[in-house]
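Novice: would you be able to build a 3D model of this:
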Amino acid sequence: MKKALLLLMSVQFLVYLGFGIIIPVLPEVIIQQGWDEVHVGGLLTIYALASFFTAPLWGQLSDKIGRKQLILIGLIGFCLSFVVFSLFINNLFMLYISRVIGGLFSGALYTSVTGFIGDMSTNETRNMYMGFMGMSIGLGFIFGPAIGGLLGHIDLQLPFITSAILIGALFIYALAVLKEPERLGEANKRSFIPEGASHLLHYRVRYLFFFSFLVTFTLAGVEATFQLFQIEKINITPLQLGFLFMFSGFVDAAIQGGVVRKIKDGTETKWLTGAQIVTAIGLLLMTLTSNLVFAGLALCVFTAGNALARTCVVSLSSKESGGKYGTAAGLTYSMDNLGRIIGPLFFTSLFKVDITITYYVAVSLALLSIAFIFLFKNSKKSLRIEHD
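Specialist: Residues are numbered from 1 along each chain as shown. Modelled structure (predicted):
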């Protein structure tokens, strides 16, 4: 494997490790400081906002100054975000500043890494390389909460100090090893509404985009409130939560790597309906939590349904895009990001009203999303029919 590819995988792994590492620590910080629980959602939302809306600018800059330069800049900024969080863990304003910095420079890393991969790969190897990137992201999501919980159990600042050290070491390695690739194309410049999207929105594939939004919206809400809820129910610790998220991460990987591959063409809508029913069951089980094992079971059931829905809807959307695979992927990505931006703040605000109503609303949204699958099935305006 090329050194550059290994390094790029490490970058993606650490970016998503950094996203996951905060999940079991952030609610504990907020509660210990006596701040309003809504700030858990606020700190997650501000990160997603900073990353998403600045990515197009980073994409243009990557094309102008080069992939390596932007990767190095991104690593410095991302490292700085963890340093600021650890140093000012008792200062709410500075925590928001650190999250803005983190989101800002994670966007720089995303666009420069995808641009680098595009430059160094051929048509034959691009899918394989992107698969490696996806694997790195998945591992980051799996181990981030576990490491955050383990280190946070010792000291709440330790996960962020450790992350800063790892990213700093990666910067030194990238500086020495990484060489600017020969430019073959432009960086992936994410935009809120991808070019050509209006055409797709006239066809039934639009219902899949709305479905995708609700799936990610619910997931973001659970990530923001699950620990707060379990603290109230069973006084869960960051360490325990980290391990629960790690187990659920393996369930996610198993679903995406095993079950999804067995879905036959034409049966996707049945699987999507089933996935949301499983998601709703998992959410209902969360409201009945009485011990740690039950909390883990509920989280894993929810994760199984959510992972199946997220992966299957991407596949079906591409089939329904009439060959506009990039546009469909861009729209799905936009809906996912919108869910990550709105979800944490919405659900933490609900949590303040009543801790249980949060999950009853989530159950309702999971079941409501099935209506979009019903509308999709009953619509005749399919690009796939026209182009097959």
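Novice: tell me the domain boundaries of the chain?
Specialist: According to automatic domain parsing, the chain comprises the domains 3-177, 197-379.
Novice: need these in TSV (columns: mean pLDDT and mean neighbour count).
Specialist: C-betas here are computed from N, CA, C, even on glycine. Formatted as TSV, those follow (pLDDT from 0 to 100; neighbours: other Cβ atoms under 10 Å):
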stretch	mean pLDDT	mean neighbour count
domain 3-177	86	20
domain 197-379	88	20
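Novice: dihedrals phi and psi, residue 35?
Specialist: Note on residue 35: backbone dihedrals following degrees, to the nearest 10 are phi -80, psi 160.
Novice: what sits closest to it if chain neighbours are left out?
Specialist: Closest residue to residue 35 apart from its sequence neighbours, by Cβ to Cβ, 6 or more residues apart in numbering: residue 92 at 5.8 Å.
Novice: was I right about that neighbour contacting residue 33?
Specialist: Yes. At 7.3 Å, residue 92 and residue 33 qualify as touching, with contact defined as Cβ atoms under 8 Å.
Novice: what's in contact with stretch 128-146?
Specialist: 5, 8-10, 12-24, 113-114, 117, 120-121, 241-243, 245-246, 249-250, 252-253, 256 (Cβ atoms under 8 Å, 6 or more residues apart in numbering).
Novice: give me the contact list for stretch 247-264.
Specialist: 138, 141-143, 145-146, 271, 296, 299-300, 302-304, 306-308, 311-312, 315.
Novice: 6 Å instead?
Specialist: 138, 141, 142, 271, 299, 300, 303, 304, 307, 308, 311 (Cβ atoms under 6 Å, 6 or more residues apart in numbering).
Novice: equivalent analysis for stretch 96-110, please.
Specialist: So stretch 96-110 is in contact with 11, 15, 43, 46-47, 50-51, 54-55, 58, 70, 74, 77-78, 80-81, 84-85, going by Cβ under 6 Å, 6+ apart.
Novice: now stretch 283-300
Specialist: 230, 233, 240, 244, 248, 251, 282, 301-302, 356, 359, 362-363.
Novice: whichever strand or helix holds residue 56 packs against which elements?
Specialist: Using DSSP states H and E, residue 56 maps to helix 38-65. If you count contacts as 3 or more Cβ pairs under 6 Å, 6 or more residues apart in numbering; DSSP states H and E, helix 38-65 packs onto helix 26-33, helix 92-120, helix 205-234, helix 325-353.
Novice: tilt between the helix or strand following it and helix 92-120?
Specialist: Toward the C-terminus, helix 38-65 is succeeded by helix 67-87 as the next helix or strand (DSSP H and E). Here the directions of helix 67-87 and helix 92-120 differ by 160 degrees (axes from the mean of the first three to the mean of the last three Cα atoms, to 10 degrees).
Novice: only alpha carbons, please: show helix 67-87 as PDB.
Specialist: Taking Å, rounded to 0.1, in the frame of the first residue of the first chain, the C-alpha atoms of helix 67-87 are listed here in PDB:
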ATOM      1  CA  ARG A  67      -3.600  19.200  -1.600                       C
ATOM      2  CA  LYS A  68      -0.600  18.700   0.600                       C
ATOM      3  CA  GLN A  69      -0.500  22.300   1.800                       C
ATOM      4  CA  LEU A  70      -4.200  22.200   2.700                       C
ATOM      5  CA  ILE A  71      -3.800  18.900   4.500                       C
ATOM      6  CA  LEU A  72      -1.000  20.400   6.600                       C
ATOM      7  CA  ILE A  73      -3.100  23.500   7.300                       C
ATOM      8  CA  GLY A  74      -6.100  21.300   8.200                       C
ATOM      9  CA  LEU A  75      -4.100  19.200  10.600                       C
ATOM     10  CA  ILE A  76      -2.700  22.200  12.400                       C
ATOM     11  CA  GLY A  77      -6.200  23.700  12.800                       C
ATOM     12  CA  PHE A  78      -7.800  20.500  13.800                       C
ATOM     13  CA  CYS A  79      -5.000  19.900  16.400                       C
ATOM     14  CA  LEU A  80      -5.600  23.500  17.700                       C
ATOM     15  CA  SER A  81      -9.300  22.800  18.200                       C
ATOM     16  CA  PHE A  82      -8.500  20.000  20.700                       C
ATOM     17  CA  VAL A  83      -5.900  22.000  22.500                       C
ATOM     18  CA  VAL A  84      -8.400  24.900  23.000                       C
ATOM     19  CA  PHE A  85     -11.100  22.400  24.200                       C
ATOM     20  CA  SER A  86      -8.700  20.900  26.800                       C
ATOM     21  CA  LEU A  87      -7.300  24.200  28.000                       C
END
